[in-house]
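Chemist: Mind folding the following:
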Amino acid sequence: MHTPVSLLAFEAEKSSDHKQADAVAGVTTDAAVTDVEAAVMEGAPASFKTLDDLAKDASTCRLCSLADTRNQVVFGVGNPQADLMFIGEAPGQEEDLKGEPFVGRAGQLLDRMLHALKLDREKVYIMNTIKCRPPNNRDPRPDEVQACNLWFDQQLDMVQPKMICLLGRVAAQTILQSDAPLGSLRGRWHDYQGIPVWVTYHPAYLLRSPRQKEKSWQDMRQLQQRIQALNSSGAVA
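Modeler: Numbering: from 1, shown residues only. Alright, predicted model coming up:
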């Protein structure tokens, strides 16, 4: 099982302020913590057998205030046994409406990037660091990331990818626990819980800054070489 990183560690007890907020909302702290959540906090294996089971339970999550503003939880999409996982920062407006990560123009660009690698959504797994859209597409707050780690860790453990590609600054800084700018995180391999990690631009950023597409293509070529090494050897080179 993957061990949660300290930045994303789920807090078993809410602060007194959170308890008061729950009371106002008519939700008690005990009611908010399900048997599954308690099992995860105690280190016991979750009872889920499939990602669909996990997604169903996550769809009613109210562990942070984003539950009050979202339309729906955006869980993940793709091959549940994928060797390669792409992780972005958070759902946007279109994702929040459709319930699927990376749709709209940014999603179409990601699809073209995958096609250039001779891949598609059915061969990889795509998700975000958090499952609900922050208002006005702001960066996720630390408490929101912490709460969503309950789902993130189980999702990662179920897929067990052999490589991860982080899309954008927020995803890279969150997963790698770094405040370094994206430029210094690109171009070299990182490690997350023993999994090789590659960093590149978020497709939405490339739509705003098309001059960076050449650098993004270089990133994709490096990722492609690692994928080819994986396919030829059966293990990450």
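
Chemist: What helix or strand is the residue nearest to residue 66 when sequence neighbours are not counted located in?
Modeler: Using C-beta to C-beta, 6 or more residues apart in numbering and skipping the chain neighbours, the partner closest in space to residue 66 is residue 132 (3.8 Å). Where you see a C-beta, it was placed from the backbone N, CA and C, and this is true even at glycine. Taking DSSP states H and E as the definition, one finds residue 132 inside no helix or strand.

Chemist: So what pairs up with residue 190 in the strands?
Modeler: residue 197 (DSSP bridges).

Chemist: Isn't it up against residue 199?
Modeler: Yes: here residue 190 lies in contact with residue 199, judged by C-beta atoms under 8 Å, at a distance of 6.9 Å.

Chemist: can you tell me the helix or strand for residue 62?
Modeler: Using DSSP H and E, residue 62 falls outside every helix and strand.

Chemist: any idea how far it lies from residue 150?
Modeler: 12 Å (C-beta to C-beta, to the nearest Å).

Chemist: As a check, name the ranges of all strands in the protein.
Modeler: Under the criterion DSSP state E, strands of the chain are mapped to 77-78, 84-88, 125-128, 163-167, 190-192, 195-200.

Chemist: So which elements touch the shortest one?
Modeler: Put plainly, it is strand 77-78. Contacts defined by 3 or more C-beta pairs under 8 Å, 6 or more residues apart in numbering; DSSP states H and E place strand 77-78 against strand 125-128.

Chemist: Return the residues in contact with residue 225.
Modeler: By C-beta atoms under 8 Å, 6 or more residues apart in numbering, the contact set of residue 225 is empty.
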